[in-house]
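Participant: fold the following for me, if possible:
(chains A, B, C, D, E and F)
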There are 4 protein chains.
Amino acid sequence: MRASNRVARTARARVAPVAGRKRSEASRRAILDATHELLERDGFDGLSIEGVAARAGVGKTTIYRWWPTKGVLAVEAFLDAATPSIAFRRTRSAKADMRQQMRALAALYRGPTGRFVREMIGSSQSDPEMRKAFVEGFLTPRRKAAHESFRRALAAGEFRPGLDPDTAIDALYAPIYYRLLVSGAPIDEAFLDRHIDLVLRGLTA
Amino acid sequence: MRASNRVARTARARVAPVAGRKRSEASRRAILDATHELLERDGFDGLSIEGVAARAGVGKTTIYRWWPTKGVLAVEAFLDAATPSIAFRRTRSAKADMRQQMRALAALYRGPTGRFVREMIGSSQSDPEMRKAFVEGFLTPRRKAAHESFRRALAAGEFRPGLDPDTAIDALYAPIYYRLLVSGAPIDEAFLDRHIDLVLRGLTA
Amino acid sequence: MRASNRVARTARARVAPVAGRKRSEASRRAILDATHELLERDGFDGLSIEGVAARAGVGKTTIYRWWPTKGVLAVEAFLDAATPSIAFRRTRSAKADMRQQMRALAALYRGPTGRFVREMIGSSQSDPEMRKAFVEGFLTPRRKAAHESFRRALAAGEFRPGLDPDTAIDALYAPIYYRLLVSGAPIDEAFLDRHIDLVLRGLTA
Amino acid sequence: MRASNRVARTARARVAPVAGRKRSEASRRAILDATHELLERDGFDGLSIEGVAARAGVGKTTIYRWWPTKGVLAVEAFLDAATPSIAFRRTRSAKADMRQQMRALAALYRGPTGRFVREMIGSSQSDPEMRKAFVEGFLTPRRKAAHESFRRALAAGEFRPGLDPDTAIDALYAPIYYRLLVSGAPIDEAFLDRHIDLVLRGLTA
DNA sequence: GACTAAGCGAGACGGTACGTCTTGTCTTCAC
DNA sequence: GTGAAGACAAGACGTACCGTCTCGCTTAGTC
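Facilitator: Okay, here's the model as predicted:
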């Protein structure tokens, strides 16, 4: 119902942007800001459309008009506010670059962002649109950077030829998420070093 | 509030098992069964204490008396119904055992159990008690088996000496969860083979 | 608020019929027609400006510009569509004329118009403008005709001299409205005959 | 839906008042009082279930559980608070009694009760349950008293024999309601005297 | 066998949030 | 400068559940 509405809207918007009042940028901002603040204060579970509307001084309809789900709204507010630009330095060694990238990510997840990411991925499990939004908005860009480093390292002969990038990147990054989401074990430097060494050298003697 | 209630109960139960009617096994069964069915039908998000009580023909109080959270109830119902005993065969090679264990887990997660696990871990992110229950009830036993195999392999010299078991097991299993929860990429045999080979041999030339 | 708007408009319309696009007759028609149809379909309570605008293919503003209240709009649409011209025949006896007028009114109220009138008067109780519009547009003309007949009868000596016209007309017509609005008792010919006879002869022996 | 619920409830309540917490008299009181106050302050149109719940310190559900409609609630609150017991004195003349009854009613309707009655009857036009509640709770008892007086007068020979009581009572009382609801003309003593005289003597010379 | 605890079903209760609907206003563009 | 389109703040709607609170049973021990 709402979904189809949205499709209709989108379609219309694309085809006939003719008449009618324009979307209010002020409202958009107020909503995203309010969402971010509430997210920070109460967590995703404590977030409610009602609460956002009240704090933003906005009608609920306005939120429902532009966001399909509180999940998607949360993701957008998170991306909007955070967009923590992990600048990837390029050094001489691509392998060293990757290590640095992973360290940066781990550090990020140890901070408040970690909680957001945990909650986003968690709640995504029952909201496909939210999952899509989060993966595309947050994970994919980061993964692309990793891909890039990986390919450079491969080209430079720093890695064993014939490696499948996706498998490799999964192997490197997955444990960070596993600890974040599942085991709760710390994602500290010591662990990271052990883990990267292991993946680089392999388990086998 | 609820938490303190529980503490009180537990304490009382331990200290003074005096008089009064005993807990009804029939109700417990009905509740777990109803929960499982609803979980199957509507997913964790669609689950409600109200619904469980109605379907089980039970007062809500009875549920609140024995379970602190719908999350914990769901975990218990899942464990009760499923407890999918992955029998770990011991063959000549512990390394082969591990591979077989991982294959079994992947197969399990490709089926309906995968959805449960996804939802359980997802919802756990905002319910620490649920997370504890799920980790202890489901993941820890499995991890222990993996530990055991790993230690056997290590002792048999099938793995490089000096490896940290936790790091190794994380490296092996984490990507399965990463795909289940985050990327949504398939957890098929081909991937598993590539992944295990990679971890066994390492990334480095 | 709305009221002051209207005053402003009215004033402007009277003072300065100067420039700009003229009121669209097409819109006016579409609005009145749509209102009448919706009134017929959903009753006054189910009527909404929103709905009228949608069905008439008209902006809500256009409605608010020209009508102060959904009540007034409904009354106007009703008058516009219905204006059930009760043609009052003049026969030899003015007394007979009145009886015939009352019969016609009763017949009208037994049909679909009855429902409109019921709803209009009902809703008028909380909308003075609507009440005014309905009384002036619908009731007053009819009452004038009754007055006219009454005066003729009085002059012709058909009624007892010295009678107050308003009191007399109230006594004759009120029970029709009482049954329509309050008791729900039928307004059939038998009742009408009994009633008119009673009022003509009086209660007293 | 709600209606059928109510039927179910009622039926159950009648058949099996066995288990479950009992209806809270405190809530019932608070709701009726709040309703009455709001009715007095804002009129029926300004009344909202939401507002009643807030002022009564009560959940909306509790209201919906026991009253089908805000209309019925309003009627009940009105009856509960007002129940203006028009004590009908019995004097030597039943005719005089009726006159006194009508005077009392007119006086009542000139006061604040008049507004309630106007609004109740008005809103009843689009809420059959409310209409039923108001007629049965308020009008019928009063009409019964009128009937009684009328029958006494008839028996005493104060009225012309053969009169139909309903027609007569309608003729006497209807104009009061007509002025209240329709014409807005005053319901003062002078009018009442003229009217009663007219009906007693008849229109005819 | 009476007394005294719970446990239990039912379900009323005060709340919170839901997603929808309508209100009356405001803004934008087209005629 | 009217009019269609439609965004907007506001707020009520009726529903679903939450977690708590009676109620009046029904089971156990305990005296």
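Participant: apart from its neighbours in sequence, what residue is nearest the residue in chain A that chain B sits nearest to?
Facilitator: Residue nearest to chain B within chain A: residue A:202 (2.4 Å; C-beta to the nearest C-beta). Bear in mind the C-beta positions are built from the backbone N, C-alpha and C, glycine included. Of all residues not flanking residue A:202 in the chain, residue B:202 sits nearest, at 2.4 Å (C-beta to C-beta, 6 or more residues apart in numbering or on different chains).
Participant: and stretch A:39-47, which residues are buried?
Facilitator: Neighbour counts using 16 or more other C-beta atoms under 10 Å in any protein chain shown place A:39, A:43-44, A:47 of stretch A:39-47 among the buried residues.
Participant: before we move on, back to that, so how far is residue A:196 from the residue nearest to residue A:202?
Facilitator: 11 Å (C-beta to C-beta, to the nearest Å).
Participant: what's the closest non-adjacent residue to the residue nearest the centre of chain A?
Facilitator: When chain A is reduced to its mean C-alpha position, the closest residue under C-alpha atoms, centre = their mean turns out to be residue A:138, at 2.8 Å. Spatial nearest neighbour of residue A:138, excluding adjacent residues (C-beta to C-beta, 6+ apart): residue A:79 at 6.3 Å.
Participant: how far off centre is the helix or strand containing that neighbour?
Facilitator: According to DSSP states H and E, residue A:79 maps onto helix A:70-81. Relative to its chain's centre, helix A:70-81 lies at 10 Å (C-alpha atoms, centre = their mean, to the nearest Å).
Participant: tell me what the next helix or strand after that helix is packed against?
Facilitator: With elements assigned by DSSP H and E, the helix or strand that comes after helix A:70-81 is helix A:94-110. Here helix A:94-110 touches helix A:140-155, helix A:165-178, helix A:189-201, going by 3 or more C-beta pairs under 8 Å, 6 or more residues apart in numbering or on different chains; DSSP states H and E.
Participant: ok, residues contacting the shortest one?
Facilitator: Counting by C-beta atoms under 8 Å, 6 or more residues apart in numbering or on different chains, helix A:189-201 makes contact with A:95, A:99, A:102-103, A:106, A:171-172, A:175, A:179, A:185, B:160, B:163-164, B:167-168, B:170-171, B:198-199, B:202-204, all of which sit outside it.
Participant: any idea of the angle that helix forms with helix B:189-201?
Facilitator: 100 degrees (axes from the mean of the first three to the mean of the last three C-alpha atoms, to 10 degrees).
Participant: okay, buried residues for helix A:189-201 please.
Facilitator: Judged by neighbour count using 16+ other C-beta under 10 Å, the buried positions of helix A:189-201 are A:191-192, A:194-196, A:198-200.
Participant: before we move on, back to that, wait, which of the buried residues of stretch A:39-47 is closest to chain C?
Facilitator: residue A:47 (30.2 Å).
Participant: ok, now how distant is that closest one from DNA strand F?
Facilitator: 16 Å (C-beta to the nearest atom of the strand, to the nearest Å).
Participant: just residue A:99 next, same as before
Facilitator: Shown here: residue A:99 relative to DNA strand F, a distance of 44 Å by C-beta to the nearest atom of the strand.
Participant: related to what we said a few turns ago, doesn't residue A:76 make contact with the residue nearest to the centre of chain A?
Facilitator: No. Using C-beta atoms under 8 Å, residue A:138 is not in contact with residue A:76, being 10.7 Å away.
Participant: hmm, back to that, for the residue nearest to the centre of chain A, give me its contacts.
Facilitator: Here residue A:138 is in contact with A:75, A:78-79, A:117, A:120 (C-beta under 8 Å, 6+ apart).
Participant: kindly report the same for residue A:71.
Facilitator: A:44, A:123-124, A:127, A:129-130, A:133 are the contacts of residue A:71 under C-beta under 8 Å, 6+ apart.
Participant: cutoff 6 Å now
Facilitator: Contact analysis of residue A:71 by C-beta atoms under 6 Å, 6 or more residues apart in numbering or on different chains lists A:123, A:127, A:130.
Participant: sounds good, over and out.
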